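In: One predicted model, sequence on top.
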Amino acid sequence: MGRERKKGKAGAAVAFISRNQALKKLQVSLPDFRRLCILKGIFPVEPRNKKKAGGANKTYYRTKDVQFLAHEPVLDKFREFKVFVKRLRKAVGREDTEFATRLSTNEPVLTLDHIVRERYPSFADALRDVDDCLSMVFLFSTLPQENRVKRKVVQKCRRLSVEFMHYVIAANCLRKVFVSIKGFYYQAEIQGEMITWLVPHQFAQHTPPDVDFRVMLTFLEFYTTLFGFINFRLFSLLNLHYPPMISEFASVSTEDGDVESSEHDELFASLAHRLSSLPQTQLATEHAEEDEEVAQLDVGLSPDELAQKERAQKQAEEVQQAKTLFKDCRFFVGREVPREPLVFVIRCFGGTVSWSSSQAVGSTYQEDDDCITHHIVDRPVQSHRYLSRYYTQPQWVFDCVNARRVLPVEKYFVGAVLPPHLSPFVEATEGQYVPPEQVEQMEEEGLEVPVMELQPPKKSKKRKAAEAEEEQKHVEAHSGAGEALIRPGKIERAEDPGKSASRQAEEEKRLAVMAMPKKRKRLYGKIMQSQQKKSTEVRKFKQRRQALDKARSKA
């Protein structure tokens with residue numbers, strides 16, 4: 001016979017450990033434990049049977065994860081920092097200024113480089129998980145500098161975000177833009193990965209008191225380290241100098257040999273200047289030769305693979321053409337429009353942009369330049385107008401990017417009612433409402449417009465009762481005792497083959513539903529109910545659009 005298992009020595013009782021037990025084992029406080037779990041990417045788990053794991057109303061972690069945390073070097077840094085704070089408080093209490101100053105210069109520094117390499121062994125893994133990192137860094141770059149969010153944190157986030165935008169501009173990898181009430185949604189294609197992030201509007205941000213900024217700052221501490229690695233790698237792939245340097249300042253230096261940092265940082269944040277690059281390496285030439293060799297390997301592919309390859313090549317050509325969308329355009333941005341998003345988007349697609357020198361640093365030409373083709377404004381009245389340029393609203397730039405072509409400017413003139421700003425992140429599928437503008441765009445591109453109403457509208461009970469009552473009245477009016485109902489003759493025509501076929505198909509469908517088992521029939525009913533619900537929503541959207549168009553036509 002096998003040895004009898006003792007209670008609590010196997011199974012869920014060993015695989016999981018409560019949070020209090022983990023704190024005792026690691027000998028750390030709850031805030032330090034929470035911070036360590038965030039940095040290492042360890043989260044609580046839910047056992048299938050909490051009673052076997054140790055009881056309900058407890059937070060559980062995997063025992064292997066806690067054992068993994070016990071050997072983490074960051075844990076030693078936490079303990080060193082506690083000792084440092086204790087010694088510093090004693091020195092300040094004794095008013096020993098010299099010893100306190102010497103201690104403060106030797107403050108323990110926490111580095112997270114090894115955690116980044118541990119969690120993301122390859123660069124592709126880091127790019128797949130960078131969406132939340134980008135949104136968090138861009139959010140903190142716009143927050144006010146106060147007690148909860150320090151000045152150094154905001155400045156670091158701002159520097160990293162501007163570096164990333166410069167890379168997207170240099171690589172021309174921006175694909176989609178959408179302006180919403182939350183901010184600007186961007187999507188870029190980097191190393192074959194679609195990366196989406198959100199940038200808040202440039203308003204005065206309010207920090208709510210009910211948000212735990214300690215947890216968010218812990219996430220941000222890891223994200224900024226990860227973002228630094230990613231930026232360095234991306235800049236090196238394009239042979240760009242890192243830390244980034246504007247090409248105009250690459251050969252200019254002061255008497256001490258250093259570039260004036262304040263002026264350079266302002267010009268760098270304006271996004272209107274090119275970055276200096278390193279000498280060209282042989283890596284790009286080797287990649288070009290490899291691409292030519294791969295392009296010649298078309299022998300032995302099946303027809304489906306060839307068709308798929310042709311579609312991919314066509315999409316690549318469209319993307320390549322879209323990179324120079326604003327190549328022949330020269331923009332000037334007004335004071336009242338958001339400058340940074342427009343400059344970022346225009347430069348990503350090959351355009352040249354500037355603004356008034358009194359508005360911000362970094363403008364390259366003034367308003368009276370004769371080469372300006374588009375003036376982006378958001379005011380109905382202009383003090384002075386030039387006849388050699390178009391005055392458009394900012395939405396025209398974003399709609400051109402999403403349509404991948406330069407749209408006519410007539411619908412976007414100053415004071416005109418703008419067309420709806422459609423989201424490029426929503427794909428038109430069956431059973432969903434598709435606006436008329438998107439239908440026209442899909443028809444121009446030769447795409448198939450999906451069916452919006454999957455189910456015909458059902459007759460209401462009142463309508464059915466009214467039809468039955470009318471039919472009964474008609475029969476009673478023309479029928480009586482001993483009276484013959486005489487009606488004028490009608491020419492009988494052959495029934496339409498299409499209608500008879502559809503009627504036959506409906507009858508076959510009804511019989512098939514009747515022959516279904518009860519379980520499948522219930523599932524089929526739920527599917528039909530959901531389709532009917534979607535069709536009702538589509539009809540409501542259509543009615544709202546008709547009412548809106550009617551009101552606009554009257555106005």
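Out: That came through, no problem. Numbering: from 1, shown residues only.

In: from what I can see Pro108 touches Lys82, true?
Out: No. Contact status for Pro108 versus Lys82: not in contact, 9.6 Å apart, counting by CB atoms under 8 Å. C-beta coordinates here come from the backbone N, C-alpha and C atoms, glycine included.

In: what about dumping the CA coordinates of stretch 122-142 to PDB?
Out: Output of stretch 122-142 as PDB, limited to C-alpha atoms (Å, rounded to 0.1, in the frame of the first residue of the first chain):
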ATOM      1  CA  SER A 122      13.400  39.500 -27.300                       C
ATOM      2  CA  PHE A 123      12.700  42.800 -28.900                       C
ATOM      3  CA  ALA A 124       9.500  41.500 -30.500                       C
ATOM      4  CA  ASP A 125       8.100  40.500 -27.100                       C
ATOM      5  CA  ALA A 126       8.600  44.000 -25.900                       C
ATOM      6  CA  LEU A 127       6.900  45.500 -28.900                       C
ATOM      7  CA  ARG A 128       3.800  43.300 -28.400                       C
ATOM      8  CA  ASP A 129       3.400  44.600 -24.900                       C
ATOM      9  CA  VAL A 130       4.200  48.200 -25.400                       C
ATOM     10  CA  ASP A 131       0.600  49.600 -25.900                       C
ATOM     11  CA  ASP A 132      -0.100  50.100 -22.200                       C
ATOM     12  CA  CYS A 133       3.400  51.500 -21.700                       C
ATOM     13  CA  LEU A 134       2.900  54.100 -24.400                       C
ATOM     14  CA  SER A 135      -0.500  55.300 -23.100                       C
ATOM     15  CA  MET A 136       0.800  55.500 -19.500                       C
ATOM     16  CA  VAL A 137       4.000  57.500 -20.500                       C
ATOM     17  CA  PHE A 138       2.000  59.900 -22.700                       C
ATOM     18  CA  LEU A 139      -0.600  60.400 -19.900                       C
ATOM     19  CA  PHE A 140       2.000  61.300 -17.300                       C
ATOM     20  CA  SER A 141       3.800  63.600 -19.700                       C
ATOM     21  CA  THR A 142       0.800  65.900 -19.600                       C
END
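
In: What helix or strand is Lys176 located in?
Out: strand 174-179 (DSSP states H and E).

In: What angle do strand 174-179 and the helix or strand just after that strand make with each other?
Out: Downstream of strand 174-179, the next assigned helix or strand under DSSP H and E is strand 183-190. When axes from the mean of the first three to the mean of the last three CA atoms, to 10 degrees is applied, the directions of strand 183-190 and strand 174-179 differ by 170 degrees.

In: Parallel or antiparallel, list what pairs with the next helix or strand after strand 183-190.
Out: Next in sequence after strand 183-190, counting helices and strands by DSSP H and E, comes strand 193-200. When pairing is defined by DSSP bridges, strand 193-200 lines up against strand 183-190 (antiparallel).

In: Could you pull up the mean pLDDT of the strand it pairs with?
Out: Per-residue pLDDT over strand 183-190 has a mean of 94.

In: ditto for stretch 416-430
Out: Mean pLDDT, computed over stretch 416-430, is 83.

In: Skip the chain neighbours and tell me the closest residue to the residue nearest the centre of the chain.
Out: Central residue of the chain (CA atoms, centre = their mean): Thr196, 3.3 Å from the mean position. Nearest residue to Thr196, sequence neighbours excluded (CB to CB, 6 or more residues apart in numbering): Gln187, at 4.6 Å.

In: sorry, back to before: check which helices and strands the strand holding Lys176 is in contact with.
Out: For strand 174-179, the packing partners by 3 or more CB pairs under 8 Å, 6 or more residues apart in numbering; DSSP states H and E come out as strand 183-190, helix 339-348, helix 395-403.
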